[in-house]
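**Q** I would like to see how this sequence folds:
(2 chains)
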There are 2 protein chains.
Amino acid sequence: MFSQRVENLRPSPIRSILSVIDRPGMVSFAGGLPATDVLPAWSGTISRELLQYGPSEGDDDLRAVVAENLRHLGVDAPMERVLILSGSQQGIDLTAKLFVDPGTTVAVDDPTYLAALQVFRFYGARFTRLGSGPRSEPSEQARLAYVVPTFANPTGVCMTSRDRDDLAAWCMRTGAVLFEDDPYRDLVYEPCDRAPVTARMRGGSWIYQGSFSKTFAPGLRLGFLAASEDVFQHLVVAKQATDLHSSRLSQRIVHDAITAPGWVTRLADLADFYRARRDTFDAALRRHVGDLASWEAPSGGLFFWLRLHEAVDTRTLLADAIDRNVAFMPGEEFSPGPPAIGTMRLNFSHAGRDDADGGLATLAAVLRDASRSPAA
Amino acid sequence: MFSQRVENLRPSPIRSILSVIDRPGMVSFAGGLPATDVLPAWSGTISRELLQYGPSEGDDDLRAVVAENLRHLGVDAPMERVLILSGSQQGIDLTAKLFVDPGTTVAVDDPTYLAALQVFRFYGARFTRLGSGPRSEPSEQARLAYVVPTFANPTGVCMTSRDRDDLAAWCMRTGAVLFEDDPYRDLVYEPCDRAPVTARMRGGSWIYQGSFSKTFAPGLRLGFLAASEDVFQHLVVAKQATDLHSSRLSQRIVHDAITAPGWVTRLADLADFYRARRDTFDAALRRHVGDLASWEAPSGGLFFWLRLHEAVDTRTLLADAIDRNVAFMPGEEFSPGPPAIGTMRLNFSHAGRDDADGGLATLAAVLRDASRSPAA
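**A** The predicted structure is shown next:
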């Protein structure tokens, strides 16, 4: 199941020892810890302890809150199987480390999150497509199945309940490790079945991850994962070897935010705010590119996915667009193999009403110009 | 020079686009950025911009300060070749990603930092020893040479000027990439030549890294590296794929701390504080284990390195010691190959005077007991 390199994965004895040094009365000459007395007295609200080295798994109070949230989602993970990440991009790197050798097959949607493809490719993966049609029949066996089932990046699609069931069943039947990436689940604008694929697993191996970047603040770089028992400890050791642990200050800030009385209201307000932005963007799209492309308004997440009527490779349009001060993501970049030509991913969360309108007007002009001079 | 996987290393087009979206007038539909308006108004001193996604290389004001410090050390690295890390452990992982294939030879000291050995091993490295004697003659050719020349972990040794010159010359002559890890350089208690090996390179490939964990706060997980031009951009792309970028809040806090008027004084005070701890520890060592081991007081860093008179594998003593509430690091763990038996690494920075004295008394008892029952 694991990559070859996992044979060489050894927990650091230092990190193992660090886990006992908090025992009352223990004198530790083991770690390379600064004296806590000389850590900066940086702020009244931040204790010096937080500025000291911490556990690789993350701080327990944050892990406990994450575990409680996972329980509500039906994901079987006590806090002992929660690992705090330096952003969920790190979860992808750790997972690739553990599972991807040169030539390993990873099953993915087409299109899918390009920075996941980038990481899997870096470790030597080849891809098979989960594809459309019955989810239960990817074209070949895979060691790992990577999915963003809820408001997928880049398409915004929310996977159906049936497809979720089928994917879980396929993973259990074939032994593929399910890797569910779920950063957008709280940015929900219309009802859809968001129950994690992971919650449908009965046995089998899985990793489920989420992020605080979309609901709180990306700049703090904080996410989390939970995993089945056969996988979890390897992830912790890989995390040790990668960055020892995540920022304890970020962990404290996020913990305090998501346990504050206003958090649930904040999530609802955030969804309202983004729903309004989506609707504004949708209207501007109809105004400017209604005759050039088709799309569905996403029921969650951050992106519109445009299919152009004309099959122009949008990678060739990017430089022109940027020259005219509008940036977009060519949809072709999100394919694990030869891409369907003529797609764009447009983020609607960042730009305000006027910028969205002006930017889409410019983008429409870029598309019309390309259409007029196909040889260019 | 590079690992096989570097052939598959592609910069994320998103990250490339993000580097132009700050241009005045640019409307970006490219990234998955939250609206800056809905980022938490977290604190008066932390701007919302800091909570947004940032550049993979790190924030420019911190990179500029690091570059200025490097200039004073004679390291040839403008801020364009400074990469902010999520702790210097991350620099080891990124470097291993770029250079280590299964079977790749890495030249290291014996003993050396065990979490570096752990990472290199994980990627499949075999080791050759830089060894004692003329530095210019490691026993075999290596792709990468990893060293902690200034107050080495675990031995505390400060490499001589002659050895530094020889190592740089050897790297330049053989094409080995120099990887200099320098987290302890500011914890200096007696004069020694601390000019980086990197500063002696004329051409060749190199990575130099440092940490803010020892002089400021480990809990924030922040370090930095600089590298020669042929290597730097690959490190940035590997960093993108690993965690996008490091915490911008940590970067801001560290930037403000190390540019504050009191910083130079703080470093001097810190060295004074640790020098006193070292001396106290040295005296306690003489009192308790003077007849059991030999050592030299280190002229910097955080560790004493004990060579026991009796060749007992200290890994076998650890459980007993921890049962008696004292933790140490078995020196045998730090060897890239079969270790010299009968060594211990003792950290003197964390424990106060009474704890150090009591802990060493206990440790002496553990050693005497082991000596009395060699069959146990």
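**Q** can you list the residues of the stretch 251-376 of chain A near chain B?
**A** Contact residues, the stretch 251-376 of chain A versus chain B (Cβ under 8 Å from any Cβ of the partner chain): A:253, A:257, A:269-270, A:273-274, A:277, A:302-303, A:318, A:322, A:325-330, A:333, A:345-352, A:355-356, A:358-359, A:362-363. The way it works is simple: take the backbone N, C-alpha and C, and place the C-beta from them, glycine included.
**Q** what helix or strand does the closest residue to A:R353 other than its chain neighbours sit in?
**A** Sequence neighbours aside, A:T280 is the residue nearest to A:R353 in space, at 5.3 Å (criterion: Cβ to Cβ, 6 or more residues apart in numbering or on different chains). Element membership of A:T280, judged by DSSP states H and E, is helix A:263-289.
**Q** partners of the helix or strand just after that helix in the sheet?
**A** Using DSSP H and E, the helix or strand that follows helix A:263-289 in sequence is strand A:293-294. According to DSSP bridges, strand A:293-294 forms sheet pairs with strand A:303-308 (antiparallel).
**Q** how big is the angle separating the partner strand from helix A:263-289?
**A** Using axes from the mean of the first three to the mean of the last three Cα atoms, to 10 degrees, the direction of strand A:303-308 lies 20 degrees away from that of helix A:263-289.
**Q** ok now strand A:303-308, how far from the chain's centre?
**A** In terms of Cα atoms, centre = their mean, to the nearest Å, the centre of strand A:303-308 is found 20 Å from the chain centre.
**Q** Same question for stretch A:359-369.
**A** On Cα atoms, centre = their mean, the centre of stretch A:359-369 falls 30 Å from that of its chain.
**Q** Name the nearest residue to A:R126, sequence neighbours excluded.
**A** Distances taken as Cβ to Cβ, 6+ apart put A:T105 closest to A:R126, at 5.6 Å, once the chain neighbours are dropped.
**Q** How much space separates the residue nearest to A:R353 from A:G175?
**A** 46 Å (Cβ to Cβ, to the nearest Å).
**Q** now do A:K214
**A** Counting by Cβ to Cβ, the gap from A:K214 to A:G175 is 32 Å.
**Q** Please say which of these two ends up with more neighbours.
**A** Neighbour count, other Cβ atoms under 10 Å in any protein chain shown: between A:K214 and A:G175, A:K214 has more, with 24 against 12.
**Q** Check what pLDDT the more buried one gets.
**A** A:K214 is assigned 91 on the pLDDT scale.
**Q** Just the element for it, please.
**A** Applying DSSP H and E, one finds A:K214 in no helix or strand.
**Q** got the contact list for it?
**A** Going by Cβ atoms under 8 Å, 6 or more residues apart in numbering or on different chains, A:K214 touches A:183-184, A:186-187, A:302, B:32, B:34.
**Q** one more time with 10 Å
**A** Contacts here follow Cβ atoms under 10 Å, 6 or more residues apart in numbering or on different chains; on that basis A:K214 touches A:88, A:151, A:183-187, A:223, A:270, A:274, A:301-302, A:349, B:32-34.
**Q** The stretch 51-200 of chain A: strands as residue ranges?
**A** Assigned by DSSP state E, counting those that start in this stretch, the stretch 51-200 of chain A shows strands spanning A:82-85, A:105-108, A:126-129, A:144-147, A:177-181.
**Q** I'd like the ones you listed as TSV, with mean pLDDT appended.
**A** Formatted as TSV, the strands of the stretch 51-200 of chain A follow (pLDDT from 0 to 100):
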stretch	mean pLDDT
strand A:82-85	98
strand A:105-108	96
strand A:126-129	94
strand A:144-147	97
strand A:177-181	98
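**Q** Just put the ones you listed in a markdown table and tack on mean neighbour count.
**A** Below are the strands of the stretch 51-200 of chain A laid out as a markdown table (neighbours: other Cβ atoms under 10 Å in any protein chain shown):
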| stretch | mean neighbour count |
| --- | --- |
| strand A:82-85 | 28 |
| strand A:105-108 | 25 |
| strand A:126-129 | 18 |
| strand A:144-147 | 26 |
| strand A:177-181 | 27 |
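**Q** Which of these sits closest to A:V237?
**A** strand A:82-85 (10.6 Å; Cβ to Cβ).
**Q** which neighbours does the closest one have in its sheet, and in what orientation?
**A** Using DSSP bridges, strand A:82-85 pairs in its sheet with strand A:223-227 (antiparallel).
**Q** For the stretch 251-376 of chain A, give me the ranges with low pLDDT.
**A** When residues are selected by pLDDT under 70, those of the stretch 251-376 of chain A lie in A:374-376.
**Q** show me what contacts the residue in it that chain B sits nearest to?
**A** Nearest residue of the stretch 251-376 of chain A to chain B: A:G359, at 3.3 Å (Cβ to the nearest Cβ). If you count contacts by Cβ under 10 Å, 6+ apart, A:G359 has them with A:281, A:284, A:288, A:321, A:324-328, A:346, A:351, B:26-29.
**Q** Swap in 8 Å and give it another go.
**A** With contacts defined as Cβ under 8 Å, 6+ apart, A:G359 is in contact with A:325-326, A:351, B:27-29.
**Q** Distance check, the residue nearest to A:R353 against B:P218.
**A** 45 Å.
**Q** Which one's more surrounded, those two?
**A** The neighbour comparison of A:T280 against B:P218 (other Cβ under 10 Å) goes to B:P218, with 24 against 16.
**Q** Please name the spatially closest residue to the more buried one (chain neighbours excluded).
**A** Using Cβ to Cβ, 6+ apart and skipping residues adjacent in sequence, the residue nearest B:P218 is A:Y53, 4.6 Å away.
**Q** burial of that neighbour, as a residue count?
**A** Other residues lying near A:Y53 total 22 when counted by other Cβ under 10 Å.
**Q** related to what we said a few turns ago, can you select the buried ones from the residues of the stretch 251-376 of chain A next to chain B in ChimeraX?
**A** To isolate the buried members of these in ChimeraX, using 16 or more other Cβ atoms under 10 Å in any protein chain shown:
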select /A:253,257,270,273,274,277,302,303,318,322,325,326,327,328,329,330,333,345,346,347,348,349,350,351,355,356,358,359,362,363
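**Q** Now, the residues of the stretch 251-376 of chain A next to chain B that are in helices?
**A** The members of these that map onto helices under DSSP state H are A:253, A:257, A:269-270, A:273-274, A:277, A:318, A:322, A:355-356, A:358-359, A:362-363.
**Q** how about the residues you listed, which pair is most distant?
**A** The most widely separated members of these are A:I253 and A:T362, with 37.7 Å between them, by Cβ to Cβ.
**Q** how about the residues of the stretch 51-200 of chain A near chain B?
**A** A:51-54, A:86-87, A:89-90, A:93, A:97, A:102, A:114-115, A:118-119, A:121-124, A:153.
**Q** Now restrict these to buried residues only.
**A** Counted by 16+ other Cβ under 10 Å, these give A:51-54, A:86-87, A:89-90, A:93, A:97, A:114-115, A:118-119, A:121-124, A:153 as buried.
**Q** Just the ones of those in helices?
**A** Per DSSP H, those map to helices at A:51, A:89-90, A:93, A:97, A:114-115, A:118-119, A:121-122.
**Q** hmm, back to that, and the helix holding A:T280, what other elements does it pack with?
**A** With contacts taken as 3 or more Cβ pairs under 8 Å, 6 or more residues apart in numbering or on different chains; DSSP states H and E, helix A:263-289 sits against strand A:303-308, helix A:353-372.
**Q** export these to TSV and tack on distance to B:L244?
**A** Conversion of these to TSV gives the following (distance: least, Cβ to Cβ, whole Å):
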stretch	distance to B:L244
strand A:303-308	17
helix A:353-372	24
